[in-house]
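**Q** this is a predicted model, with the sequence first.
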Amino acid sequence: MKDKQILALFFKRDERALAAAQEAYGSYCMKLALNVLENRQDAEECVNDAFHKAWNAIPPAEPKDLGAYLARLTRNTALDRRRTDGRIKRGGRAEAVLSELSELVSGAEGPEDAAIERDLKDAIEAFLMAQPERKRRVFIARYFRHASVEEISKQTGRSVSSVKTELYRLRIELKKYLDEREFFI
C-alpha cells in the first residue's frame, strides 16, 4: 500500500492504517529501534509506541514522507526510552554514536533553547543537503539510524577505516559550518 493510501486510512481513523504502516515500515523502524536500544523487547515496545504516537498525531499532522515520519518517531521514542530507563552505559552503540557528536551538540534544556535547537536542526539539515549523497547517507546511517561503522562499511562496500575517516572529516566540516553560523558549541 502506498503512503497516500495509508495516510487516507489514518485520516478516516481506520485502524487498518496501523496494520498497513506496520507492514510497510515496521521492519525498518524495528531495525532503527534495535540500533538504539540493543534489546528486542524494548525495541518492539518503542516501535509500538511510535506507531501509537503516529495514530494520535495524524490528523492533524500531515507528513509528506510517512516512512521518515515514523522513523523519526521511533528514533525519538527509543532515545527517550534509553534516557528515562537510565540505560545509557559506556560501550553501548548508541552511547558511542552520541559521544561522537557530543562536541557539536549541547545538552541545554531550557525553554529559551527551543528556538536555538530549531535553528541548529535547520543548519545541520542545510549542511547535509550540501553534501554529496554518498556522504549524506553515511552521516545519516551513523548519526540517525545508529548503524555501526562495520554495518556502514558493508552497505557501502568501503573499508571500515575509510568510513571512520569520512565520518571524522564530516564532523570536522560540520563543526566548521556551525561555527561560521555562530553556533559555538
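**A** The structure has been received and is ready for your questions.
**Q** now the residue nearest to the spatial centre of the chain: phi and psi?
**A** In the chain, the C-alpha nearest the mean C-alpha coordinate belongs to F144, at 3.4 Å (CA atoms, centre = their mean). Backbone dihedrals for F144, given as degrees, to the nearest 10, come out at phi -110, psi -50.
**Q** now do D65
**A** Its backbone dihedrals place D65 at phi -130, psi 100, with angles given as degrees, to the nearest 10.
**Q** the spatially closest residue to it that is not a sequence neighbour: neighbour count?
**A** Closest residue to D65 apart from its sequence neighbours, by CB to CB, 6 or more residues apart in numbering: D3 at 7.3 Å. Placement of C-beta: from N, CA and C, glycine included. Taking other CB atoms under 10 Å as the criterion, the count of residues near D3 is 17.
**Q** run the chain-centre distance for stretch 149-164.
**A** The chain centre lies 19 Å from the centre of stretch 149-164; the measure is CA atoms, centre = their mean, to the nearest Å.
**Q** one more: stretch 172-183?
**A** When distances are taken as CA atoms, centre = their mean, stretch 172-183 is centred 21 Å away from the chain's centroid.
**Q** buried residues in that stretch?
**A** Buried residues in stretch 172-183, counted by 16 or more other CB atoms under 10 Å: L174, K175, Y177, L178, F183.
**Q** so what's the third one up against?
**A** When contacts are counted by CB atoms under 8 Å, 6 or more residues apart in numbering, Y177 touches A123, F127.
**Q** so how far is A21 from I6?
**A** Computed as CB to CB, to the nearest Å, the I6 to A21 distance reads 5 Å.
**Q** need the overlap of contacts for the two.
**A** Both I6 and A21 are contacted by L66, under the criterion CB under 8 Å, 6+ apart.
**Q** show me the shaky parts of this protein.
**A** Using pLDDT under 70 as the threshold, the predicted model of the chain has low-confidence ranges 85-116, 184-185.
**Q** at 50 instead, please
**A** Per-residue confidence of the chain (counting by pLDDT under 50) places the weak regions at 87-91, 106, 108.
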